[in-house]
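S.K.: Have a look; sequence and predicted model below, questions after that.
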Amino acid sequence: MATNKVTEKIIKDAHQEAKAILEHHQAESEKLKQEYQAKIDKRRAGNKAEAESLEKTLTIRSIAQQRLAFSRDIISRKHKTIKNVIKETVEQLTRSKNYLEFLQSLIEQSRETDGELMLSERDIKNHGAELEKFLKVKNLKHKISATKDISGGVIIKKDQKTYLGSLEIINTLLSDEILIEAAKILFEGGSK
């Protein structure tokens with residue numbers, strides 16, 4: 001019996017010690033779980049904030065790209081509109097009642113008194129006779145010929161020199177200046 005009591009006491013003490021160890025490890029385990037849960041929650045919050053920040057950045061970038069694309073489209077359309085206006089203006093110039101005076105002015109500004117005077121077929125048809133009279137009155141000895149290279153204006157060739165006064169050349173040379181001025185008037189309200 002005495003052995004039984006000692007054995008029971010040992011078993012009871014072992015149970016109590018096992019119970020204490022178990023409780024200690026459960027407490028430690030719970031403490032570790034809470035620490036790791038806190039770390040996980042903190043990481044999640046950081047990841048969420050990072051994800052929200054990234055989402056906001058991507059949204060802002062996307063909006064900026066859309067605005068840029070929209071602005072490019074608007075500028076392209078404005079540029080096309082201005083180019084069309086310039087083209088139509090040049091076409092209207094050839095039908096203007098002052099077009100003959102324009103041609104005469106180009107001839108005089110060349111300061112050439114003779115050489116080949118090249119005009120479009122339409123200009124020869126519409127103004128050839130008046131230009132012949134103009135050349136005689138101004139004592140200019142140009143030989144008038146037709147060319148399909150220009151839609152209007154003049155080209156004067158003499159020896160190695162060529163005076164370019166075609167509408168295409170004038171348009172090309174003045175296009176950027178006209179474009180800037182037209183843009184100021186049409187799209188900036190004419191403010192300087």
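M.R.: Alright, I've got the coordinates. Residues are numbered from 1 along each chain as shown.

S.K.: where do the helices sit along the chain?
M.R.: 2-95, 99-110, 121-137, 167-187 (DSSP state H).

S.K.: in the sheet, who's paired with the closest residue to residue 150 other than its chain neighbours?
M.R.: If you skip the residues right next to it in sequence, residue 150 has residue 166 as its closest partner in space, 3.8 Å away by Cβ to Cβ, 6 or more residues apart in numbering. C-betas here are computed from N, CA, C, even on glycine. For residue 166, the residues forming beta bridges with it (DSSP bridges) are residue 153.

S.K.: Would you map out the domains in the protein?
M.R.: Domains of the chain are assigned by automatic domain parsing as 1-95, 98-187.

S.K.: Pick the most deeply packed of those domains.
M.R.: domain 98-187 (a mean of 16; mean count of other Cβ atoms under 10 Å).

S.K.: Give me the mean pLDDT for that one.
M.R.: Confidence over domain 98-187 (mean pLDDT, whole number) is 84.

S.K.: What separation do you get for the residue positioned nearest the centre of the chain and residue 137?
M.R.: The central residue of the chain, meaning the one whose C-alpha is nearest the mean C-alpha position (Cα atoms, centre = their mean), is residue 72 at 3.5 Å. In this view, residue 72 and residue 137 are 53 Å apart by Cβ to Cβ, to the nearest Å.

S.K.: Kindly report the same for residue 60.
M.R.: Residue 60 is 71 Å from residue 137, by Cβ to Cβ.

S.K.: before we move on, what about residue 49?
M.R.: From residue 49 across to residue 137, the span is 87 Å (Cβ to Cβ).

S.K.: Repeat that for residue 154.
M.R.: Distance of residue 154 to residue 137, given as Cβ to Cβ: 17 Å.
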